[in-house]
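J.: Please work out how this folds:
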Amino acid sequence: MLIAFALIYAASIWATVVTVRDAHVSVGLKATWTMALLLLPPFGLLAWTVASVASHRPGHAAHI
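T.: Sure, this is the predicted structure:
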């Protein structure tokens with residue numbers, strides 16, 4: 001159980017770094033994702049993954 005939590009938290013930290021370095025995300029959204037990913041790692045990581053997949057769908061590409 002502890003190993004699973006450590007892996008989820010490590011992935012959450014990686015997702016936080018990716019979000020903060022993304023030039024296409026507003027400052028408020030960066031702060032929101034950072035708080036969600038660091039305070040609630042499993043739920044924040046799941047929400048970040050879903051949002052990332054949804055934003056990269058062909059019809060929803062905002063940064064093209």
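
J.: for stretch 28-39, which positions count as buried?
T.: Using 16 or more other CB atoms under 10 Å as the test for burial, stretch 28-39 gives 33-34, 36-37. Just so you know, the C-beta spots here come from the backbone N, C-alpha and C atoms, and that holds for glycine as well.

J.: same thing with stretch 38-58?
T.: By neighbour count, with 16+ other CB under 10 Å as the criterion, the buried positions of stretch 38-58 are 41, 44-45, 48.

J.: could I get the buried residues of stretch 28-39 as TSV with secondary structure?
T.: TSV is the format used below for the buried residues of stretch 28-39 (DSSP: H, G, I helix; E, B strand; the rest coil):
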residue	secondary structure
Trp33	helix
Thr34	helix
Ala36	helix
Leu37	helix
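
J.: Show me the two of the residues you listed that sit farthest apart.
T.: Thr34 and Ala36 (7.4 Å; CB to CB).

J.: In contact with the residue positioned nearest the centre of the chain, which residues?
T.: Centrality entry for the chain: nearest residue to the mean C-alpha point is Trp48, 3.6 Å, by CA atoms, centre = their mean. Under the criterion of CB atoms under 8 Å, 6 or more residues apart in numbering, the neighbours of Trp48 are 15, 19, 33, 36-37.

J.: how far out from the middle of the chain is whatever helix or strand it lives in?
T.: In this structure, Trp48 is located in helix 41-55 according to DSSP states H and E. Relative to the chain's own centre, helix 41-55 is displaced by 5 Å; criterion: CA atoms, centre = their mean, to the nearest Å.
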